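Asks: Could you work out the structure for the sequence below:
(one chain, ligands or ions: 1)
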Amino acid sequence: MASGTLVTCLAGVGAAAVLRVLYWASQFVLYHFWRPSKPLTAYKRTSGDSYALITGASAGIGLAIARAIVRQGFGVVLLGHLPDELASAAKSLNPPLVRTLVVNASTATPEELSAAVEAISDLNISILVNNVGGFPMADPPIRPLSTLSTAEVDGFVDMNARFMARLTNLVLPLLSSKSTRQNHERSLILNVSSAGRVGMPWIVMYSATKAFNYAFSMGLSRELEDDPATAHIDCLAVAPGEVQSQANVMAEGAVTADEFGSYVVGGIDGAVKRKWREVRPYWGHDLQLGLMDRVLPDSMLTHFSREELREKKVMWDAIMAKRR
Ligand SMILES: NC(=O)c1ccc[n+]([C@@H]2O[C@H](COP(=O)([O-])OP(=O)(O)OC[C@H]3O[C@@H](n4cnc5c(N)ncnc54)[C@H](OP(=O)(O)O)[C@@H]3O)[C@@H](O)[C@H]2O)c1
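Replies: Reported below is the predicted structural model:
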């Protein structure tokens, strides 16, 4: 009798596990391979042109997201630190509704940032994309924490964490503004984190600031939905794996920045509908991060992350040797 009960319990647990996997697999397929034909319509304003503010938008993933957003009929404000780069990025988009903001994410003072946000306060900003981030340090970017200078340690915090927190703080009132928004119209914040947020060796500061980005996004999302005055603002962390970009020239065979930009824009509505707080818009990254987060034991995650980073270290050693 006791063994019969045990068998029934185990069968129940097994069936629940199978159902869970089936549910996850169906959600994976539906989310990744059934995308809306007109994404982001919830974030359009009927009272005039709608704009997205995108940081780090003169190249790479930022510019690609801008391009994909422009295709949906939005205007864009491209924020970057080099005026010439920004001007040529703006020209490449070629819509009537492009503005640029020259701000250095690593060094901007609170006053400079306030002035920059004030300069765009005449626009209907309904989307903020906190994309700027990277490796503000001398090459090679993959090396032990002990070899970084104090300024390099701070540089990661300044560019990858402090800037997006300060900017979001200043832009939130624009996203909530009642004067430009009908009750049913929504706003959106995207925070570009990274699969590296799990904590990677030899890129400790990068992965730690990307974990900040992720936690900032989770906390803010929970906070915004609790208050009727801000519940219309959707907030999502975006977790890319490898993407070929200006910064990541070693990502051979990976999805390109332009492809990734389209995946991001196509993947927002589905993620919001499912009440996700983090989105991995490209299916390959979703599979990878799903394994890292939920399946692999720590020993395997450690092994694979070390192997991956060791390989990149070797490539960087070769680049550094050529430069000498
Ligand atoms: N590529 C990947 O594999 C990957 C993977 C995971 C996460 N991510 C994340 O995705 C985001 C974009 O990465 P990406 O690969 O597209 O980088 P990217 O190709 O280097 O592009 C970065 C953009 O930020 C701008 N920028 C650099 N320093 C700046 C500063 N101090 N102030 C303002 N703008 C600045 C750059 O402008 P200039 O060209 O004028 O310098 C460029 O427009 C980052 O947050 C990164 O961590 C990337």
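
Asks: Show the backbone phi and psi for the residue positioned nearest the centre of the chain.
Replies: Nearest to the mean C-alpha position of the chain, by C-alpha atoms, centre = their mean, lies Val192 at 1.7 Å. Main-chain torsions, Val192, degrees, to the nearest 10: phi -80, psi 110.

Asks: Enumerate every residue touching it.
Replies: Val192 makes contact with 61, 129-131, 133, 213, 238, 240, according to C-beta atoms under 8 Å, 6 or more residues apart in numbering. Just so you know, the C-beta spots here come from the backbone N, C-alpha and C atoms, and that holds for glycine as well.

Asks: contacts with the ligand among these, please.
Replies: Of the residues in the contacts of Val192, proximity to the ligand by C-beta under 6 Å from any ligand atom holds for 61, 131, 133, 240.

Asks: Make a markdown table out of these and add pLDDT.
Replies: Below are the ones next to the ligand among the contacts of Val192 laid out as a markdown table (pLDDT from 0 to 100):
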| residue | pLDDT |
| --- | --- |
| Ile61 | 98 |
| Asn131 | 98 |
| Gly133 | 98 |
| Pro240 | 98 |
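
Asks: so which of these is the most crowded?
Replies: Highest neighbour count within the ones next to the ligand among the contacts of Val192, by other C-beta atoms under 10 Å: Ile61, with 29 neighbours.

Asks: Strands - which of the ones next to the ligand among the contacts of Val192 land there?
Replies: Judged by DSSP state E, strands contain none of the ones next to the ligand among the contacts of Val192.

Asks: sorry, back to before: out of the contacts of Val192, flag the one nearest to the ligand.
Replies: Nearest to the ligand among the contacts of Val192 is Gly133, at 2.5 Å by C-beta to the nearest ligand atom.

Asks: So is stretch 283-301 next to the ligand?
Replies: No: figure legend: stretch 283-301 not in contact with the ligand (C-beta under 6 Å from any ligand atom); closest approach 8.6 Å.

Asks: Identify each buried residue in that stretch, please.
Replies: Using 16 or more other C-beta atoms under 10 Å as the test for burial, stretch 283-301 gives 283, 285-286, 288-289, 292, 296, 301.

Asks: Over to that stretch now: how far is its first residue from its last?
Replies: Terminal residues of stretch 283-301 lie 20 Å apart, using C-alpha to C-alpha, to the nearest Å.

Asks: Show me how far it is from its chain's centre.
Replies: With C-alpha atoms, centre = their mean, to the nearest Å as the basis, stretch 283-301 stands 18 Å off its chain's centre.

Asks: I'd like the mean pLDDT over that stretch, please.
Replies: The average pLDDT within stretch 283-301 is 94.

Asks: so which strand or helix has Ala115?
Replies: Following DSSP states H and E, one finds Ala115 within helix 110-119.

Asks: what residues are up against Val132?
Replies: Per C-beta under 8 Å, 6+ apart, neighbours of Val132: 55-56, 62, 79-80, 105, 159-160, 163-164.

Asks: if we go to 7 Å?
Replies: 55-56, 62, 105, 159, 163 (C-beta atoms under 7 Å, 6 or more residues apart in numbering).

Asks: State the distance from it to Leu82.
Replies: Distance, Val132 to Leu82, by C-beta to C-beta, to the nearest Å: 12 Å.

Asks: and if you look at Gln182?
Replies: Taken as C-beta to C-beta, the span from Gln182 to Leu82 is 37 Å.

Asks: More neighbours: those two, which one.
Replies: For Gln182 and Leu82, the more surrounded residue by other C-beta under 10 Å is Leu82, and the numbers stand at 13 against 10.

Asks: Helix, strand, or coil at the residue lying closest to the more buried one once chain neighbours are set aside?
Replies: Excluding its sequence neighbours, the residue lying closest to Leu82 (C-beta to C-beta, 6 or more residues apart in numbering) is Ser58, at 6.6 Å. What DSSP: H, G, I helix; E, B strand; the rest coil gives for Ser58 is coil.

Asks: Surely Ser58 touches Val76?
Replies: No: the pair Ser58 and Val76 does not pass the contact test of C-beta atoms under 7 Å, sitting 11.7 Å apart.

Asks: The stretch 1-150 of the chain: helices as residue ranges?
Replies: Using DSSP state H, counting those that start in this stretch, the helices of the stretch 1-150 of the chain run over 2-33, 60-71, 83-93, 110-119, 150-156.
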